[in-house]
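Trainee: Dropping the sequence and predicted coords here.
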Amino acid sequence: MRRVGAGPVLLRGLRGVLLVGLLGMIGGGAMRWFSTRRTRTGTGGAASRWFVVTIYRRPEEVVPGGRLPEPLARFGDSIEFQVREAPGGRGTELAVRPLTPPAGGVDQVLARLGGQQTRLALRRALREAKCLAETGEVLRAEPPRPRPAPVDKATDEAFERAGRRP
């Protein structure tokens, strides 16, 4: 008769306990992430997130006559906005948020793939409004120009000495 030692049985039991503990930690972390994600993004009935910029102009210059700057005016009644003086007399704070909560799950993925993300468009419009109010034009960054690497310079020089170009 063969005797089975307590070692393998104990190891199997310990593996099971570790596996159950690990799954519990993962499940708890996922639940915490989803619960905070819901309240942060505004799904589940909560309000959408405010996007705020500080514009170094007086409130009358930012929203003359209560009209939003052109990039934000394109959104019409689909956004809510607030204008207030920035702390310490440092200009104006312009805050905007979409009135509809952002899409979640599959709808969010489809909106992102289709290039129709309201949040991104709203943030871009807010940056453009800041540029217009401060400089009078929307500033665009130039795409970076590639600089030749040292290896490319050496290769170009070698071809030049040889009298032919690649």
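Mentor: Happy to help now that I have it. Numbering: from 1, shown residues only.

Trainee: Just after the lowest-mean-pLDDT helix or strand in the chain, pick out the following helix or strand.
Mentor: Lowest mean confidence among the helices and strands of the chain (mean pLDDT, DSSP states H and E): helix 6-41, at a mean of 60. Scanning forward in sequence from helix 6-41 by DSSP states H and E, the next helix or strand is strand 51-55.

Trainee: Which neighbouring elements make contact with the following helix or strand past that next one?
Mentor: Heading C-terminal from strand 51-55, the first helix or strand you meet, by DSSP H and E, is helix 59-62. With contacts taken as 3 or more CB pairs under 8 Å, 6 or more residues apart in numbering; DSSP states H and E, helix 59-62 sits against strand 79-85, strand 92-98, helix 118-135. The way it works is simple: take the backbone N, C-alpha and C, and place the C-beta from them, glycine included.

Trainee: closest one to residue 18 among these?
Mentor: Set against residue 18 and scored by CB to CB, the helices and strands packed on helix 59-62 come closest in helix 118-135, at 40.8 Å.

Trainee: Give me the contact list for the closest one.
Mentor: Residues outside helix 118-135 that contact it (CB atoms under 8 Å, 6 or more residues apart in numbering): 49, 51, 53, 55-57, 61-62, 68-72, 74-75, 78-79, 94, 96-98, 100, 102, 111, 137-139.

Trainee: Now it: average pLDDT?
Mentor: When pLDDT is averaged along helix 118-135, the result is 90.
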